[in-house]
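Output the structure for:
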Amino acid sequence: MKLKSVLSIAGSDSSGGAGIQADIKTIQSLGLYAQTVITAITAQNTFQVTRAQAVDDDLIQAQIDAVFADIVPDAVKIGMVATSGVMRTITQALHPYVRQHHIPVVLDPVMVSTSGALLIERDAVTSLLETLVPLAHLITPNLHEARVLVDALGVGAGAGARKNLPADGASVPTDETTLITSEQAQATAALRIASATQTRVLVKGGHAHGHASDVLAYPDGRIVWFRAPRIDNKNNHGSGCTLSSALACAYAQGKSTCDAVQYAKNYVQGALSAQLNLGKGSGPLNHNWMLANTAE
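Residues are numbered from 1 along each chain as shown. Got it, this is the predicted structure:
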């Protein structure tokens, strides 16, 4: 028996809702084999993060080498990477394997929290664009992250150069000239990022009010909308991680980008619709919803 394999490169979430844990659950639920490279260890639950510790660069390199020396993955998902140094380490370690084996990479550029706070170092945004983005087959920013990328690339309205980013831990400006508040602005941001990076871009609309529509932009100027109703569920911790790992699963199975996005959205919609209710804060999704449906 053979299984397609997906490698997740991300941090550990002790609550099990996001990060490596969410990726493993997603990959396994979709019938593929999960492998991991852990970049950081966090102490967190559904309402707070109390501590985080980065994994040493040489251990990250060793994990990547160990995976590719044995079970070569069919796709790779990269999640939150907080520092420029770790980004360079991952890129240098991963690049030769990705090129040799023609492996699609899904990059979830986790940079901005739901409240709008910048989660990574300011110089790491530029490093992300210079290191991990060129490796990616698809990048999946949310609306806040798309705004940061547009500014960092200098491709906003009237932009001619890269703008100053918020200070570490500060909030992304939210005045009406910078917010992505309409589908037109969402599509424009996706197209500008795709053109500037020459990479497929899926700008997620989950942070918008009233809908959860995502837009896929290609470097050649094509766009495709994926529309869905908003699911009333405050327990959505790890939804971005889940979507990106489901996308990697789709690529591992040979699906086209459009088919991969619809496949991943369907999985996340099902996981949210299951209305799992755990924890005192924003709880996790039900990654096993398909198994539960089968058992009924």
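
Return the mean pLDDT over stretch 220-233, rounded to an integer.
The pLDDT scores in stretch 220-233 average 92.

Centre of the chain to that stretch, how far?
The gap between where stretch 220-233 is centred and where its chain is centred comes out at 16 Å by Cα atoms, centre = their mean, to the nearest Å.

List of residues touching it?
Contacts to stretch 220-233, defined as Cβ atoms under 8 Å, 6 or more residues apart in numbering, come from residues 183, 187, 190-191, 195, 210-217, 258, 261-262, 265, 269, 272-273, 275. C-betas here are computed from N, CA, C, even on glycine.

Now the buried members of the residues you listed.
Among the contacts of stretch 220-233, those buried by neighbour count (16 or more other Cβ atoms under 10 Å) are 187, 190-191, 195, 212-217, 261-262, 265, 269, 272.

Go through the contacts of stretch 220-233 and flag which are in helices.
183, 187, 190, 191, 195, 258, 261, 262, 265, 269, 272, 273 (DSSP state H).

which residue sits closest to the first one in space, ignoring its chain neighbours?
Taking Cβ to Cβ, 6 or more residues apart in numbering, and ignoring the residues beside it in sequence, residue 183 has residue 213 as its nearest neighbour in space, at 6.7 Å.

Against residue 153, how distant is that neighbour?
23 Å (Cβ to Cβ, to the nearest Å).

Report the two of the buried ones among the contacts of stretch 220-233 separated the most.
Taking Cβ to Cβ as the measure, the buried ones among the contacts of stretch 220-233 span a maximum distance of 31.6 Å, between 195 and 272.

what's around residue 14, how many residues?
Residue 14 has 15 neighbours, counted by other Cβ atoms under 10 Å.

who touches it in this structure?
Going by Cβ under 8 Å, 6+ apart, residue 14 touches 41, 42, 43, 44, 45.

which of those residues tops the neighbour count?
When neighbours are counted by other Cβ under 10 Å, residue 44 leads the contacts of residue 14 with 21 neighbours.

Verify the contact between that one and residue 16 for me.
No - using Cβ atoms under 8 Å, residue 44 is not in contact with residue 16; the gap is 9.9 Å.

all helices for the stretch 151-296 of the chain, in order.
Under the criterion DSSP state H, counting those that start in this stretch, helices of the stretch 151-296 of the chain are mapped to 183-197, 239-252, 257-273, 289-295.

Check the stretch 1-150 of the chain too.
For the stretch 1-150 of the chain, applying DSSP H, counting those that start in this stretch gives helices covering 19-29, 57-68, 84-101, 122-130, 143-153.

Just tell me which of those ends up closest to residue 110.
helix 143-153 (7.6 Å).

Tell me the helices and strands packed up against that closest one.
With contacts defined as 3 or more Cβ pairs under 8 Å, 6 or more residues apart in numbering; DSSP states H and E, the packing partners of helix 143-153 are helix 122-130, helix 183-197, strand 200-203.

got a list of contacts for stretch 83-97?
Contacting residues not belonging to stretch 83-97 are listed as 9, 37, 39, 54, 57, 60-61, 64-65, 68, 72, 76, 78, 81, 103, 105, 120-121, 123-124, 126-128, 131-132, 135 [Cβ under 8 Å, 6+ apart].

go again using 7 Å as the cut-off
If you take Cβ atoms under 7 Å, 6 or more residues apart in numbering as the criterion, stretch 83-97 is touched by 9, 39, 54, 57, 60-61, 64-65, 68, 78, 81, 103, 121, 123-124, 127-128, 131-132, 135.

what's the answer for stretch 122-135, then?
Here stretch 122-135 makes contact (Cβ under 7 Å, 6+ apart) with 78, 81-84, 87-88, 90-91, 94-95, 98, 105, 107, 109, 111, 139, 148, 152-153, 165, 167-168, 197, 199.
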